[in-house]
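Peer 1: Just to be clear, the model below is a prediction. Sequence and coordinates:
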Amino acid sequence: MQRTLVIIKPDAVQRGLIGRIISRLEEKGLKLVAAKLVKFSDDIVKKFYSHLTDKPFFQDLKRFMTSTPVLLTVWEGPEAVKVVRKLCGVTNSREAEPSSIRGSFSMSSMCNVVHSSGSPEEAEREISMFFSREEIIQWERKLEDLMLAEDERE
């Protein structure tokens, strides 16, 4: 089963959208296996967004991501990275499908309510930045056999 990181960003936390975003992911059939509320420091933002530090918008991004707590979550499911990316919608929320999370809740490319890992490799790296193995909970969903075919549950 694949895992991916979703960060519920400061704008969503401030607007009280945590529950609605989590509901969208759960309604799709993804399983929440870890979560914690954290306040990003400048150093964490620099490390997490190291590929953007030379961009002209980086200082604004750093101010935004350190402005209020974020909710870090890890989700599990078949092709979780691809599924979550599709659910979240494109980065620029004005261009996101109206049915996506960003298309439903945002009008910005930076203040776009969520971050999701872009690839399975990126997901592994990002998850390991924020969660220890012990913090990721293995649990059995009793209705799994009604939600996935047998060969999809591995």
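Peer 2: Thanks, I have it.

Peer 1: and Asn112, which of the three is it?
Peer 2: Classification of Asn112 using DSSP: H, G, I helix; E, B strand; the rest coil returns coil.

Peer 1: which stretches of the chain form helices?
Peer 2: Applying DSSP state H to the chain gives helices spanning 10-14, 18-28, 42-48, 58-65, 80-88, 101-105, 120-130, 144-147.

Peer 1: For the shortest one, give me every contacting residue.
Peer 2: The reference is to helix 144-147. Under the criterion Cβ atoms under 8 Å, 6 or more residues apart in numbering, residues 29, 141, 153 lie in contact with helix 144-147. For every residue, glycine as well, the C-beta is placed using N, CA and C.

Peer 1: cutoff 6 Å now
Peer 2: 29, 153 (Cβ atoms under 6 Å, 6 or more residues apart in numbering).

Peer 1: let's number from 34 now, not from 1
Peer 2: Got it, the first residue is 34 from now on, which makes the last one we talked about helix 177-180.

Peer 1: how far does it sit from the chain's center?
Peer 2: With Cα atoms, centre = their mean, to the nearest Å as the basis, helix 177-180 stands 24 Å off its chain's centre.

Peer 1: again, but for the third one
Peer 2: In terms of Cα atoms, centre = their mean, the centre of helix 75-81 is set 17 Å apart from its chain centre.

Peer 1: Skip the chain neighbours and tell me the closest residue to Gln35.
Peer 2: Ala113 (4.2 Å; Cβ to Cβ, 6 or more residues apart in numbering).

Peer 1: same deal with Ser141?
Peer 2: Ser126 (5.6 Å).

Peer 1: Now for the one you found: which residues touch it?
Peer 2: 135, 139-141, 145.

Peer 1: Distance of it relative to Glu168?
Peer 2: Distance of Ser126 to Glu168, given as Cβ to Cβ, to the nearest Å: 30 Å.
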